[in-house]
Structure formats: C-alpha cells, structure tokens
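Undergrad: Return atomic coordinates for the entry below.
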Amino acid sequence: MDELGSDLQPAAAEGLVSARLLDRFRTVRAYTELLASALTDEDQCVQSMPDASPAKWHRAHTTWFFEQFVLVPFLPDYRPFDQSFSFLFNSYYEAVGARHPRPARGMLTRPSAQQVTAYRWHVDAALLEAELPGEAAPVLELGLQHEQQHQELLMTDILHLFSLSPLYPAALPDWQEPQGTDAPTTYVEIGGGLAPVGYAGGDFCFDNETPRHRVYLEPFAIGSRLVRNRDWLAFIRDGGYRTVSLWMSDGWATAQAGSWQSPLYWREHDGAWWQFGPGGLRVLDQDAPVRHISWYEADAFARWAGARLPTEAEWETAAAHPALREITGHVWQWTESAYRPYPGFKAAPGAIGEYNGKFMVNQMVLRGGSLATPEGHTRPTYRNFFHPDKRWQFSGLRLVRDL
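TA: From the prediction side, this is the model:
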C-alpha cells in the first residue's frame, strides 16, 4: 500500500494551509501513536520478514515524509532533526538519495523508540507552529493519506511478528471481530455495456485512480457478500490445497514450497480451528469473512466454486449496487486485474512521481478496504495492490459468475 500515489493536479490553494487540514494532521498523527501504544520497545524494533517493517520504522518513516516533502521545501529556516534519518527512513525515493536496505530495517536498534518519539514530536511541533503556504496543502494531504496507509501496514506487520511467538500476544487486546451481514450469499446481476471507471470527484485521490475512463463489461453476477471461513473449510476438506488442477502453475509451486494448507493465521489444534488476529488467538469464527489469503489461493478457490474473481472494473461498477454488502471494513478483496496504469496515466514529476507509477507491474489489484484500514481512507475507486503470493495483509474475496 505504501506504493500508492496522489493526484496533485489541482491548483495550489492561495494563502495558508487551513486550520481544518492541520486538525486532521493532529488526528492522524495521534492515531499512529495509539496503534503503537500497546507495543514495547522490543516489539517495535523487530522485522519478521523482508516484506514487513518494524513498527518503529513506520513511525519514523511517516515522520520523515513530512520533514522531507513539507518542512524542508516550504520552510527555508527549518533544520532537520537528524541528517542521518533521511538515509535510515527513506523507503524507495531514488530522487531523494541513498537509503538503508529494506530487508535490514530490523537491524536498526538505533535510534531507539524513544528517539523516534522525540523525532515525531519535533516534526509535529515545527509543522503546527509554522505558517505553511497554501501550496503546501496538497503535499500535506498526501502525507496524511500516506500515514494512514502505514497505520494499516503497522498493524499487519506487527500481526505477522506476533504470529511467530508461541505466546500469540494481542496487538490490540480489546479488539472485536467486525460485524458482518447474516444474510445468505446471493448473486446480484449487473448489466453489461460501457462503464465509467476511476475517480471523478474534486477531493483527494491517489493518482492511480485516474484518469477516469470507460471500460466495456459483459453482463455478470457478483456475490452479495464476502466468502466466509466456513466456505474455506469446505475447500480445505475437499482437497483444495491438494488439487493441482485448481491452481495456476506459479501458485501451485508457491503453495507447495510454503506447505500451505490453510489461510496464513489459521491453526488446527485437536481437530478444532483457531485464528490469530489483532486480539490474539481465538476460536475460528466460521461466519466471518475469510482473510489472509493470497491471490493464488483466492483464484484457486474461485475455480473450485465454479466462479471467478471480479475484474476491478466489475467490482467498482457493482460496488454502487444497493444489494452488495461488506464493500469495506472487513478485507481487501482480490480482483483478477493486473495492476497497470489507466489509459492516459502520467506520473507526477519529481520524487513524488516515484510514489506509484514505477510499481505498475507484476502485481494484482485489490479493492474495498479492510478492518485495519483507517475510517474514511478508502473510496470505491481506491486501488490497492500486492504481489499474488502475499498473504500477510487483510485480504479476502468475493465471487463473480458469468451470465
């Protein structure tokens, strides 16, 4: 998710950055600290795999973004908190300079978690006390959206770390499973024809949601709700992970190499299934939407069910239908669409242009929004994306059938 970009096309506002935007800045920054509040300093330093980052790094990187792209360009008198932090906490911005290797972020025992907290306070105070010109507003908005993406990544990364502990600690001890719909799954018919796809509003969007364009759709029927855990149990019991004909070749090889037999955080003990989540290890809720599955697994399940995954254009078109449930707030929903630029897409100039465009290959699109996505962060046009083997995100699926 960190690879999404923003639409910086609107003309810069005149005057100063609004008080409303600065209030949002306070709220978003405080929520990151709330998510990290149950973590010890030791929790915040460990990197459980190359795809994940330590919680301390997320907190520092989002702070570096504001320092690098807001404070330094728009406040000539600002002095960075620590010059070495640009090297330590740059993610992938080649135009900004060299960076610490991503797979080795867990080696950064220094600076300490307390120093990162001091860094956050320093940058927040500098930004809130300054009189930022209105032209800084679009970049500040991008920084807020960027931090919200990292709030979800912080949660998915710490969940992966804690899943490796025999103690199965809870990242959010009071967490409760999101309420889903009890209505049975039906298939909602959607007519074919030309359908508009992409963002058309005047507020913020990521640049990969544009330009708005039209896509021709054949008629299809889409599941009214997400695939459930009980459905996945049936897939397992019917030999879904042992039936090669259900799988893409790369998916089968990946599943065999990883000894996949169930979703990532499922555990079987004495014939009963459990699931690890933000609240710790709990008995599997069979009525909850399945999550932590790869695109390969989602695609194999759809084939087993006599269905397929929706294209992202089908998903976006169907999302407006009143009969569809669980559009957001449970899992990101895999589509069968490869992550590619929309017709006419152009990356923004400079380092900000690296935020998105250079990642538009070898990944698959997800739509919707998960239980870890900050409230108000998503739109029906929002395009998330990951490589097809990734399972540590809150990813699930809904099915489509051709008419």
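
Undergrad: CA only for contacts and neighbour counts going forward, please
TA: OK.

Undergrad: what about the helices in the chain?
TA: 19-36, 41-45, 55-66, 72-74, 85-89, 113-129, 137-163, 229-237, 249-257, 295-304, 312-318 (DSSP state H).

Undergrad: can you list contacts of the last one?
TA: So the one you mean is helix 312-318. 190, 195-197, 215, 217, 222, 324, 335-337, 365-367, 380-381 (CA atoms under 8 Å, 6 or more residues apart in numbering).

Undergrad: Now that we have those, which of them are buried?
TA: The neighbour count (16 or more other CA atoms under 10 Å) marks 190, 197, 217, 222, 324, 335-337, 365-367, 380-381 as buried among the contacts of helix 312-318.

Undergrad: Distance to Pro388 for those - can I get that in a markdown table?
TA: Formatted as a markdown table, these follow (distance: CA to CA, whole Å):
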| residue | distance to Pro388 |
| --- | --- |
| Ile190 | 27 |
| Val197 | 23 |
| Leu217 | 24 |
| Ile222 | 22 |
| Leu324 | 25 |
| Thr335 | 10 |
| Glu336 | 10 |
| Ser337 | 11 |
| Val365 | 9 |
| Leu366 | 10 |
| Arg367 | 14 |
| Pro380 | 21 |
| Thr381 | 20 |
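
Undergrad: Tell me the one of these nearest Glu42?
TA: Within the buried ones among the contacts of helix 312-318, the smallest distance to Glu42 is 32.4 Å, found for Leu366 (CA to CA).

Undergrad: My understanding was that the closest one contacts His387; is that so?
TA: No. Contact status for Leu366 versus His387: not in contact, 10.4 Å apart, counting by CA atoms under 8 Å.

Undergrad: just for the stretch 1-150 of the chain, where's the confidence low?
TA: 1-14 (pLDDT under 70).

Undergrad: again but with the stretch 251-400 of the chain, I slipped
TA: Looking at the stretch 251-400 of the chain by pLDDT under 70, you get 351, 353-355.

Undergrad: Start from the N-terminal end of it and give the strands.
TA: 266-269, 272-277, 280-283, 332-338, 364-368, 384-386, 395-396, 400-402 (DSSP state E, counting those that start in this stretch).

Undergrad: Please identify the deepest-packed of these.
TA: Sort these by mean neighbour count, taking mean count of other CA atoms under 10 Å, and strand 395-396 sits at the top with a mean of 27.

Undergrad: returning to that earlier point: dump the strands of the stretch 251-400 of the chain to CSV, plus distance to Phe162.
TA: Formatted as CSV, the strands of the stretch 251-400 of the chain follow (distance: least, CA to CA, whole Å):
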stretch, distance to Phe162
strand 266-269, 14
strand 272-277, 9
strand 280-283, 9
strand 332-338, 21
strand 364-368, 25
strand 384-386, 22
strand 395-396, 18
strand 400-402, 34
